[in-house]
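**Student:** coordinates only, no sequence provided:
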């Protein structure tokens, strides 16, 4: 799924694959490139294996933002239910920080509080910080657009709704036909521009300068 230069969401393509490897994602991105997706400014991803590497190979100038919601879910897997509310409150101070430096300070405080008890959960924020911190470069209006992959998750729920009654498909082609028809219904609901697109585009014209000029 993508947002075009005019601020409209669209499904750019549907693929069926046996595994989500770097090779698979590179194939997907190269196909998008060959079909006319010349540039991607920011890619919001959920940490799938090989996706970041494939993006860097196909679109080397693209900034990658790891989904904050997925990062929180992954962290909470290691946290007991009685601590989860306080744990998530501490995480909120990190990703809602006004700057990256402030976010790192909040992460350091968070580590002091939870690092000993939930070492791996805290370590994953440091390990993925490079891509979690991309959003700090941008104002709130853009942060809200890139901090999560929820829009594609919403589309995936629609796909599951159209396929859950089928225990199996006779071929990939038959499955693709069902997904294609579901896509038409999904896209019809996206008739309006992304909220505050004018302000977002103004920011992009400064941030991406020469890269965006030829599309305007």
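**Tutor:** The structure has been received and is ready for your questions. Computed from a prediction, not measured in an experiment: that's the story for all the values here.
**Student:** go ahead and flag the most central residue of this structure.
**Tutor:** residue 44 (2.6 Å; Cα atoms, centre = their mean).
**Student:** which ones are touching it?
**Tutor:** 65, 67, 146-149 (Cβ atoms under 8 Å, 6 or more residues apart in numbering). Just so you know, the C-beta spots here come from the backbone N, C-alpha and C atoms, and that holds for glycine as well.
**Student:** name the next helix or strand downstream of the strand or helix carrying it, please.
**Tutor:** Per DSSP states H and E, residue 44 falls inside strand 42-45. Note on strand 42-45: by DSSP H and E, the next helix or strand toward the C-terminus is helix 51-58.
**Student:** go through that following helix and flag the buried ones.
**Tutor:** 51-52, 54-55, 58 (16 or more other Cβ atoms under 10 Å).
**Student:** picking that back up, ok, the strand holding residue 44: who's next to it in the sheet?
**Tutor:** strand 63-66 (parallel) (DSSP bridges).
**Student:** what is the rounded mean pLDDT of the strand it pairs with?
**Tutor:** Mean pLDDT, taken over the full extent of strand 63-66, equals 96.
**Student:** do stretch 85-102 as well
**Tutor:** 96.
**Student:** run the chain-centre distance for that stretch.
**Tutor:** 19 Å (Cα atoms, centre = their mean, to the nearest Å).
**Student:** mind listing what's buried along it?
**Tutor:** Applying 16+ other Cβ under 10 Å to stretch 85-102 flags 87, 90-91, 94-95, 97 as buried.
**Student:** looking at those residues, which one is closest to residue 38?
**Tutor:** residue 95 (30.8 Å; Cβ to Cβ).
**Student:** from what I can see the closest one touches residue 103, true?
**Tutor:** Yes. Contact criterion Cβ atoms under 8 Å: residue 95 and residue 103 qualify, at 7.0 Å.
**Student:** give me the buried positions along the lowest-mean-pLDDT helix or strand in the chain.
**Tutor:** The least trusted helix or strand in the chain, going by mean pLDDT, DSSP states H and E, turns out to be helix 150-163, with a mean of 88. By neighbour count on 16+ other Cβ under 10 Å, the buried set for helix 150-163 is 152, 155.
**Student:** ok, residues contacting it?
**Tutor:** In contact with helix 150-163 (Cβ under 8 Å, 6+ apart) are residues 1, 9, 11, 69, 175, 178-179, 181-182, 185-186.
**Student:** can you do 6 Å?
**Tutor:** 1, 178-179, 182, 186 (Cβ atoms under 6 Å, 6 or more residues apart in numbering).
**Student:** need the next SSE after that helix, C-terminal direction.
**Tutor:** Heading C-terminal from helix 150-163, the first helix or strand you meet, by DSSP H and E, is helix 172-188.
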